[in-house]
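**Student:** Task: produce atomic coordinates for the following.
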Amino acid sequence: MDNIKEEFTKNKEIKDNIKKFRDQAKKLEDSDALKEARDKY
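**Tutor:** Numbers count the residues shown, from 1 in each chain. As a prediction, the model looks like this:
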């Protein structure tokens, strides 16, 4: 039983990390897009 719980916790941590990473990447993309837009105008 403990094993399953451990795996579940690990899985959740990985998912949280992926979500954080995606949010971070999206912010970077948004700021890059803003920079490009500023350069063009």
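
**Student:** what residue ranges in the chain score low on pLDDT?
**Tutor:** Within the chain, not a single segment meets pLDDT under 70.

**Student:** quick one, helices of it?
**Tutor:** 2-40 (DSSP state H).

**Student:** quick one: stretch 23-31 to chain centroid distance?
**Tutor:** Distance, stretch centre to chain centre, for stretch 23-31: 9 Å (C-alpha atoms, centre = their mean, to the nearest Å).

**Student:** Kindly report the same for stretch 2-16.
**Tutor:** So, by C-alpha atoms, centre = their mean, the centroid of stretch 2-16 is 18 Å from its chain's centroid.

**Student:** now do stretch 32-41
**Tutor:** Offset of stretch 32-41 from its chain centre (C-alpha atoms, centre = their mean): 23 Å.

**Student:** And it, what's buried?
**Tutor:** Of the residues in stretch 32-41, none count as buried by neighbour count, 16 or more other C-beta atoms under 10 Å. C-betas here are computed from N, CA, C, even on glycine.

**Student:** C-alpha coordinates for it, PDB please?
**Tutor:** Taking Å, rounded to 0.1, in the frame of the first residue of the first chain, the C-alpha atoms of stretch 32-41 are listed here in PDB:
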ATOM      1  CA  ASP A  32       9.400  37.400 -26.400                       C
ATOM      2  CA  ALA A  33       6.300  38.100 -28.400                       C
ATOM      3  CA  LEU A  34       6.000  41.500 -26.600                       C
ATOM      4  CA  LYS A  35       9.700  42.300 -27.400                       C
ATOM      5  CA  GLU A  36       9.200  41.400 -31.100                       C
ATOM      6  CA  ALA A  37       6.000  43.500 -31.300                       C
ATOM      7  CA  ARG A  38       7.800  46.500 -29.700                       C
ATOM      8  CA  ASP A  39      10.700  46.100 -32.200                       C
ATOM      9  CA  LYS A  40       8.300  46.100 -35.100                       C
ATOM     10  CA  TYR A  41       6.400  49.300 -34.100                       C
END
